[in-house]
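Novice: Turn this into a structure:
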Amino acid sequence: MHAVAIVGAGPGDPDLLTVKAHRLIKDAQVILHDNLVSDRIMAISSEAEKIYVGRKFGDTSDQISRQQKINELLESYYRQGKKVVRLKSGDPYVYGRAAEEVRYLTIKKIPFEVIPGISAALAAANIHNIPITERNKSNAMLICTAHTADYSFEQLNGIAHMLKAGNTISIYMGLKSLHRIIPKLLEVCKDDTIPVNAASNVSRSNQSLITGTLGSIEEQIKNSTIQMPVVLIIGANPIC
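Specialist: Numbering: from 1, shown residues only. Below is the predicted model:
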């Protein structure tokens, strides 16, 4: 029996896959994949049965039932003796919900392995030459999700204070929540010149970058055609 492989697909460019991820995708018999996995990465496998189990912005489906169905599919195909790949965009443990699947597989005593992928913030920083840490400027980067703006004032306040202290902040899924995030960052930091980078479709042929400040980025994005998915990197300017 083959171990279930929970594989990070990275931001989209197949050249950024790990060698192991590429091999597992190519050899898979069943691939359960998320919404943001690129067509080029999906094309690596020509033989596998491909099952979409993703979730898109605005999807109101019951997440608990959806996750349970994914867990049961992983178990079912494993017990059929299939080479199963659970393919996630980015890194499985960075907003990839790998923990829920790993806990289920552990309870069921099903062997598994988790293959890391390049997360969008790290890919964006390197592709666009944004130094997320740099000597005498920033010694830490916080990766967070914009959903904190919806359910925890305390968390958003803490994020703002980290930015004020000189750390770099990366916010996933933040495009639709800018009107809540930016005012809190400005309230705490009291500096509308702090740089903000909005990176769209990182590593793909249609990737783009908008660079502004806490004071200007909302208007810049409003007047742009930037497309989701977007990752925000706040507190560092591109070198070039």
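Novice: Tell me which stretches of the chain form strands.
Specialist: 4-8, 30-33, 49-52, 84-88, 112-115, 141-145, 168-172, 195-200, 208-213, 230-234 (DSSP state E).
Novice: Which residues does the first one contact?
Specialist: Looking back up the chat, that one is strand 4-8. The contact list for strand 4-8, computed with C-beta atoms under 8 Å, 6 or more residues apart in numbering, reads 18, 21, 24-25, 28, 74, 78, 83-92, 96, 98, 101-102, 105, 110-119. No exception for glycine: its C-beta is placed from N, CA and C like everyone else's.
Novice: Then the second one?
Specialist: Contacts to strand 30-33, defined as C-beta under 8 Å, 6+ apart, come from residues 9, 25, 42, 45, 48-54, 70, 73-74, 77, 82-88.
Novice: ok, that strand: who's next to it in the sheet?
Specialist: Next to strand 30-33 in the sheet, as set by DSSP bridges, lie strand 49-52 (parallel), strand 84-88 (parallel).
Novice: Out of those strands, which is the most enclosed?
Specialist: strand 84-88 (a mean of 29; mean count of other C-beta atoms under 10 Å).
Novice: what's the angle between it and strand 4-8?
Specialist: 20 degrees (axes from the mean of the first three to the mean of the last three C-alpha atoms, to 10 degrees).
Novice: what residues does strand 84-88 touch?
Specialist: With C-beta under 8 Å, 6+ apart as the criterion, strand 84-88 contacts 2, 4-9, 24-25, 28-34, 37, 41, 48, 70, 74, 77-78, 96-98, 101, 117.
Novice: Off-centre distance for that strand?
Specialist: 15 Å (C-alpha atoms, centre = their mean, to the nearest Å).
Novice: Then stretch 195-203?
Specialist: When distances are taken as C-alpha atoms, centre = their mean, stretch 195-203 is centred 12 Å away from the chain's centroid.
Novice: out of the contacts of strand 84-88, which are buried?
Specialist: Among the contacts of strand 84-88, those that count as buried by neighbour count (16 or more other C-beta atoms under 10 Å) are 2, 4-9, 24-25, 28-34, 37, 41, 48, 70, 74, 77-78, 96-98, 101, 117.
Novice: which other helices and strands contact the lengthiest helix in the chain?
Specialist: Counting residues, the longest helix in the chain under DSSP state H turns out to be helix 63-79. Applying 3 or more C-beta pairs under 8 Å, 6 or more residues apart in numbering; DSSP states H and E, we find helix 63-79 packed against strand 30-33, strand 84-88, helix 98-107.
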